[in-house]
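>>> build me a model:
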Amino acid sequence: SKIQEFWYDDVREIDLNAALKKLLSTYEIAYLKVLIDKLNHPIKTMFSGASSGRYPNPADAHLFLTTVQSSLRGVRLSTDELKTQVANRVKQGVNMLLARCEEYVQLKALAGKPIPRRNHQIYKTLAEIANGFYEILHTDEDNTTQGSEKGLPNSMSERRGSASSQTNHDAASAAPSSDPNNAKELLNNTIKQPSCFKLPTRGLELLNEAHNSNRALRHAILEVLVSKAKAQCVSLTLEVHSETMNRPNAHRTASKYMRRIQRWSETFTRDTLSRYKVSNPCPEIMQEMGGIRFEVGAYVTKVFMRNVSLISGLREDAKLALASDIGQLEASLHLVAPKENFDRPPKFYAEIRHFRQMLFLDEKGIVEKTLSSSFDPVITTQLLLSRISNRGVPITCVPYKALGKSVAKYNRWIDSQGTQPILKRFLSLVEELRRKVREGRALSQASESKANASLNLVRDYAAKALKELE
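So this is what the prediction gives:
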């Protein structure tokens, strides 16, 4: 009957689908096994010449990205389960690449030794791969070509400041060459092609996890660069303590230590940072490099103000000389962290100008200026203690001397502590100084009253700043 014929047709169709599904699952398993070998091949190529000093380059990144994209594009019409498994294999491939990179990259700044060349080569390779993953993730999320402004979470920019873009000169120099044989241009042309991989949510999560692992290693590489830059900043800025400040008798308006800071700023920007520059970077990579500029610029400013605030007994001509140095320092900051690189001018530009004004104020004026501009309380307290040293208070109140440390050890101690522990130590130091004044040589009532008033001013300011932080 017709009913039986339809029934048998349904049974045959069910059996046929089951057989087809079983056959496809066999091919899927074989494809997943081969996929790991396909991803591992460009990784082996990247490090095949490591023994002779050849490390990964953008061409190797292009080969790896091509393999990743072809693997994802090959299953875009398959089931979500297979797409997720392929995304997981891609994640495993990225982890294998990162493990090999960790074997060769130097993740600790060594004193007296330069950063090895392989660091910036591996960073640029990882950044090129991040460009490709950024395009894949945004293409799938927005179904658009490159140009989306949503961006991935960027812990570097959140920690170091909001760097929006590099300078126009950097953008022009980062444009791809017209030479079709250029590996970087091939890579850029590959990741700009509009292609929707149609990955499921779980597949996107796996790719995002691989992207985050890549970001973590890039940040570790950049931390070595920042640590090295900070150490050089401290060694150059410490020379301010040996400066004679006899500027009118000199032929140059800038001091010796400031000229060295200027030369270092030029070298750091022109040579060091340029080695890490990536051709046609995605917004995330641009924010990373902007974050480096922000952090180094902020640290240069902070270390300079910290050490100048430790100088006591400044004459008017010395204050004028330091004010001139601050102008030179601001010019150097424009090399390291240009204002046009950021959505808004970094805070340290305003801080260095406030500090220049504070050099010419008395103790009460310094406190009022600080409270109105939300200045760093540690630097302000140091400046107050140095200002009253052997003047309002007849003993040495300069923090590093009162604490029995050298200038270098004091700087290391400051860098290792938070603002609150430092302010608490300053409060206890004020009481120690008060006790020394009482137990020292006999003072007139007016001198002792003046000393207590000066110490009370420092104590009240530090206590108020500490309370606001808590």
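>>> which residues touch the closest residue to K124 other than its chain neighbours?
Closest residue to K124 apart from its sequence neighbours, by C-beta to C-beta, 6 or more residues apart in numbering: V278 at 5.7 Å. (Glycine included, C-beta is placed from N, CA and C.) Residues in contact with V278, defined by C-beta atoms under 8 Å, 6 or more residues apart in numbering, are 124, 127-128, 131, 174, 285.
>>> and what of D362?
For D362, the residues meeting the contact criterion (C-beta under 8 Å, 6+ apart) are R387.
>>> and which of the contacts of V278 is nearest K38?
Here the nearest of the contacts of V278 to K38, counting by C-beta to C-beta, is E128; it sits at 18.9 Å.
>>> ok, back up a step: need the contacts of V278 in TSV (columns: secondary structure and neighbour count).
Below are the contacts of V278 laid out as TSV (DSSP: H, G, I helix; E, B strand; the rest coil; neighbours: other C-beta atoms under 10 Å):
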residue	secondary structure	neighbour count
K124	helix	24
A127	helix	26
E128	helix	29
N131	helix	26
A174	coil	16
I285	helix	26
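>>> among these, find the lowest-pLDDT one for me.
Among the contacts of V278, A174 has the lowest pLDDT, at 34.
>>> now the helix or strand encompassing K230: average pLDDT?
Secondary structure from DSSP states H and E places K230 in helix 201-237. Along helix 201-237, the predicted confidence averages to a pLDDT of 93.
>>> what is that helix packed up against?
For helix 201-237, the elements it packs on are helix 80-104, helix 117-142, helix 155-160, helix 256-267, helix 283-308, judged by 3 or more C-beta pairs under 8 Å, 6 or more residues apart in numbering; DSSP states H and E.
>>> phi and psi next, for Y55.
Dihedral pair for Y55: phi -120, psi 170, per degrees, to the nearest 10.
>>> list the contacts of it.
The neighbourhood of Y55, defined by C-beta under 8 Å, 6+ apart, consists of 46-47, 49, 104, 117-118, 121-122, 125.
>>> are any of those residues buried, and if so which?
With neighbours counted using 16 or more other C-beta atoms under 10 Å, the contacts of Y55 contain these buried positions: 46-47, 118, 121-122, 125.
>>> measure R100 to L361 for me?
Distance from R100 to L361, counting by C-beta to C-beta, to the nearest Å: 57 Å.
>>> those two - which one has more neighbours?
Neighbours of R100 and L361, each counted by other C-beta atoms under 10 Å, are more numerous for R100; the result is 18 against 15.
>>> nearest residue to that one other than its sequence neighbours?
Once its chain neighbours are removed from consideration, R100 has its nearest residue in F47; the separation is 5.5 Å (C-beta to C-beta, 6+ apart).
>>> next, the buried residues of the helix holding K230.
Within helix 201-237, the residues that count as buried by 16+ other C-beta under 10 Å are 203-204, 206-208, 210-211, 213-215, 217-218, 221-222, 224-226, 228-230, 232-234, 236-237.
>>> SS state for L35?
Secondary structure, DSSP: H, G, I helix; E, B strand; the rest coil: L35 is helix.
>>> ok, the one 3 residues further on next?
Here K38 is helix, with the state taken from three-state DSSP.
>>> list the contacts of K364.
By C-beta under 8 Å, 6+ apart, the contact list for K364 reads L457.
>>> helix or strand: which one has it?
With elements delineated by DSSP H and E, K364 resides in helix 363-373, which encompasses its position.
>>> who does the very next helix or strand once past that helix touch, helix- and strand-wise?
As assigned by DSSP H and E, the chain's next helix or strand after helix 363-373 is helix 377-388. If you count contacts as 3+ C-beta pairs under 8 Å, 6+ apart, helix 377-388 packs onto helix 283-308, helix 347-358, helix 363-373, helix 399-402, helix 419-439, helix 445-469.
>>> name the residues of the fourth one that are buried.
By neighbour count, with 16+ other C-beta under 10 Å as the criterion, the buried positions of helix 399-402 are 399-402.
>>> low-confidence ranges in this structure?
For the chain, residues meeting the criterion pLDDT under 70 lie at 1-27, 139-196, 246-254, 441-442.
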